[in-house]
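Visitor: Dropping a prediction and its sequence here:
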Amino acid sequence: MTERRPNGFWAFLCVLGRGINAVRLVILNLIFFLFLFIVLLLLFGGYLGSRSEHLIQGDSVLVIKPQGELVEQYSIDPLQRALAQLSGNPPKQVQLRDLVAAIDAAAKDTRITRILLEPGELQGGGFAALSEAGAALDRFRAAGKPVIVWAPSYDQGQYYLAAHADRILVDPQGGVMITGLANYRLFYKDLLDKLGVDVHLFRVGQFKSAAEPYILDHASPESKEADSFWMGGLWDTYVNEVAKLRKLDATALRTDIDTLPETIANARGDLGQLSLDQHLVDGLATPAELEAMMRKEGVPAGKKGEGFRQVSLQRYATNLPDDDNGTAPGVAVVVAEGEISGGKQPQGTVGGESTAALVRAAREDKRTKALVLRVNSPGGEVYAAEQIRREVALTRAAGIPVIVSMGNVAASGGYWISMNADRIYAEPNTITGSIGIFGMVLTVPGTLDKLGVKSDGVGTSPLAGAFDITRPLDPRVGTVIQATIEKGYRDFVGQVAKARGKPYDAIDTIAQGRVWTGQQALDRGLVDQLGGLGEAVADAATRAKLGKQYPVRYVEEPLGGFEQFLMGLNESAMVQVAQAYGLHLPAWAAHIDTMAPELKLLRSAPSGRPNVYAYCFCTPR
């Protein structure tokens, strides 16, 4: 009797089953060995940690080497952030509050004798955030401890922070490059015309230029006028502050910046020596010479007699005590960072529902006696901003003082969520205002026509199918949208007038979508006081009669269980010690888990209806 062979289909299923099983085993083994590596890392880190009597020794230098952007709140997913840290590749973001807290703690820490700041990999963060960090460096220096800065070279953002130091050093091959501020944007009208896309823009505000790239091929005169004014204000603040910190004449500094092409040619291209001659830096030094200088000034040697005794920002911040303080009454801080979008949004983006829920949670927490809303947002969707503003108003109505602290940008929708606070603080170089709204509808009948496609049919009423993007926009629909936009603008201006205690016409005059610096906004009554987050928190505590000692709690979306485990693991002293010995997760573990800004505006725009925005593209480069 011959053996019966399986038919082709059954054989295929058997092979497929064995393949799936093999893939399953491979995935399970990868997960198993990843967690085994983590356990071994913990055990070995614990062994090394037990042999270290003091994680931070006396006479140590706090080395601050920020990588990436200085942010109010992480936008990188917590899981990705934790895996990146464990693999030895820290995420390219530095949280401002962590940096400031570490500097302030180090000022009182007898184990820390000085700070070495290396901002060479700092890729921006906005002038207001840099001012906050600079103020912390000033407090450190006021405690009698020096701040030294070294970098291979400095751009103008890095130098703005470095100017707060006692000494600025640069590599002989580098120098300081200060160029001024610019706000150049891409314009898409010609491209959209070629594609047959029709953009219908509805706006109120003579200077509301956020959507101009879709309808023009150049910046309008009104846009250039407004941008020149607020950027000129920012630049004046920059030059004057740097001149004051470096004890230079502001006029001479401005001249040196403007004539850089001529002076660098006369210096035969030696930017480092030119920076020294112009007193922008105090010395030229290689990394080896920097280490020798530290040793000569009394800093003990590091491990095995090499380098100098130091502790990194990450390692130092890990050892700082938690400010939660249990059930003690205190000040709650809600961060509104990023674009404002509807619904629930992750950290680094302001969600109409999610951020409003955080304000509500702070209000309903019995420990909250005052609330600080830290705003760093160019705005976004109007309704989402209104959801947050209502929660702010309800918090005040509940008898809880609300203070707004504006960061780099609190413009348009960012101002919308701020206006109902008891008091608004801004830095002189905060970008704010832009009180105006606009709406856009995109239709593509021309695009379809180029492809030989037509749209036709019937409706039950004149406006049926009016927002079908395959059909031309009915002028009557345009009338409806424009009326809605104008009503939204009146609401915006009227609410600002009510909140600021001013006549409607007075606010309308300084609104019109126009952008202001923090100083200019103060002069026009849009903010109450110049100052940073620290001043805002102190004001909130005073209004709540909390005394001099009180906890400050950040209200954020809680992490999941696995995320909490990884973040706690990453911040543990054992892992810090193990990483100091070169033990990390493999680099690929960090990957388990920029479009042009004008196009990002459309990223979350729902189709089939007009989208109404209070947004400001006002970040200089």
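Guide: Received the coordinates, thanks.
Visitor: Contact partners for the residue nearest the centre of the chain?
Guide: Taking C-alpha atoms, centre = their mean, the centroid of the chain lies closest to residue 71, which sits 3.6 Å from it. Residues counted as contacts of residue 71 (C-beta atoms under 8 Å, 6 or more residues apart in numbering) are 93-96, 125, 129, 337, 348. For glycine as for every other residue, the C-beta is placed from the backbone atoms N, C-alpha and C.
Visitor: Just give me the least confident of those.
Guide: Lowest pLDDT within the contacts of residue 71 is found at residue 125 (76).
Visitor: Let me know the secondary structure of that one.
Guide: coil (DSSP: H, G, I helix; E, B strand; the rest coil).
Visitor: How much space separates residue 380 from residue 232?
Guide: According to C-beta to C-beta, to the nearest Å, residue 380 and residue 232 sit 27 Å apart.
Visitor: With neighbour numbers in mind, choose between the two.
Guide: residue 380 (28 against 13; other C-beta atoms under 10 Å).
Visitor: Give me the helices and strands touching the helix or strand containing the more buried one, please.
Guide: According to DSSP states H and E, residue 380 maps onto strand 379-381. Strand 379-381 sits against strand 340-341, helix 413-416, strand 611-615, with contacts defined as 3 or more C-beta pairs under 8 Å, 6 or more residues apart in numbering; DSSP states H and E.
Visitor: got the residue ranges for the strands in the stretch 101-250 of the chain?
Guide: Applying DSSP state E, counting those that start in this stretch to the stretch 101-250 of the chain gives strands spanning 112-117, 147-151, 167-170, 198-204.
Visitor: would you list those strands in JSON lines and tack on distance to residue 535 and mean neighbour count?
Guide: What follows is the strands of the stretch 101-250 of the chain, written out as JSON lines (distance: least, C-beta to C-beta, whole Å; neighbours: other C-beta atoms under 10 Å):
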{"stretch": "strand 112-117", "distance to residue 535": "23", "mean neighbour count": "23"}
{"stretch": "strand 147-151", "distance to residue 535": "22", "mean neighbour count": "24"}
{"stretch": "strand 167-170", "distance to residue 535": "27", "mean neighbour count": "22"}
{"stretch": "strand 198-204", "distance to residue 535": "34", "mean neighbour count": "19"}
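Visitor: right, so of those strands, which gets closest to residue 326?
Guide: strand 112-117 (27.7 Å; C-beta to C-beta).
Visitor: Average pLDDT for that closest one, rounded please.
Guide: On average, strand 112-117 scores 97.
Visitor: Report the inter-axis angle for it versus strand 147-151.
Guide: Angle, strand 112-117 to strand 147-151, by axes from the mean of the first three to the mean of the last three C-alpha atoms, to 10 degrees: 30 degrees.
Visitor: and after the strand holding residue 380, which helix or strand comes next?
Guide: Sequence order places helix 382-397 as the next helix or strand after strand 379-381, per DSSP H and E.
Visitor: Residue 99 and residue 320: what is the separation?
Guide: Residue 99 sits 12 Å away from residue 320, going by C-beta to C-beta.
Visitor: Equivalent analysis for residue 539, please.
Guide: Using C-beta to C-beta, we find residue 539 at a distance of 24 Å from residue 320.
Visitor: quick one: which of those two has more around it?
Guide: With neighbours defined as other C-beta under 10 Å, residue 539 and residue 320 compare such that residue 539 has more, 22 against 14.
Visitor: wait, doesn't that one sit right on residue 403?
Guide: Yes - the pair residue 539 and residue 403 qualifies as a contact (C-beta atoms under 8 Å) at a distance of 5.3 Å.
Visitor: Common neighbours of those two, please.
Guide: Common neighbours of residue 539 and residue 403 (C-beta under 8 Å, 6+ apart) are 423, 425.
Visitor: In JSON lines, list the strands of the stretch 101-250 of the chain along with distance to residue 304.
Guide: Putting the strands of the stretch 101-250 of the chain into JSON lines (distance: least, C-beta to C-beta, whole Å) gives the following:
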{"stretch": "strand 112-117", "distance to residue 304": "20"}
{"stretch": "strand 147-151", "distance to residue 304": "22"}
{"stretch": "strand 167-170", "distance to residue 304": "25"}
{"stretch": "strand 198-204", "distance to residue 304": "65"}
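Visitor: Can you check what pLDDT the model gives residue 266?
Guide: Reading off the model, residue 266 has pLDDT 91.
Visitor: Let me fix that, I meant to ask about residue 582.
Guide: 49.
Visitor: Could you pull up the residues touching residue 207?
Guide: Taking C-beta under 8 Å, 6+ apart as the test, what residue 207 contacts is 222-223, 225-226, 436, 512-515.
Visitor: Could you tell me which of these belong to helices?
Guide: 222-223, 225-226 (DSSP state H).
Visitor: now for the residues you listed, which pair is the farthest apart?
Guide: 223 and 225 (7.3 Å).
Visitor: So for the two, which sits in the more crowded spot?
Guide: More crowded of residue 223 and residue 225, by other C-beta under 10 Å: residue 223, with 22 against 13.
Visitor: Buried residues of stretch 495-506, list them for me.
Guide: 495-497, 499-500, 502 (16 or more other C-beta atoms under 10 Å).
Visitor: what's the closest non-adjacent residue to residue 138?
Guide: residue 164 (5.8 Å; C-beta to C-beta, 6 or more residues apart in numbering).
Visitor: check contacts around that neighbour.
Guide: 134-135, 137-138, 141, 147, 245.
Visitor: quick check, nearest of these to residue 555?
Guide: residue 135 (23.9 Å).
Visitor: Run through the stretch 201-350 of the chain and note the low-pLDDT ranges.
Guide: For the stretch 201-350 of the chain, the stretches flagged by pLDDT under 70 are 323-325.
Visitor: those helices in it, which residues are they?
Guide: 221-246, 250-258, 260-266, 271-277, 287-296, 313-318 (DSSP state H, counting those that start in this stretch).
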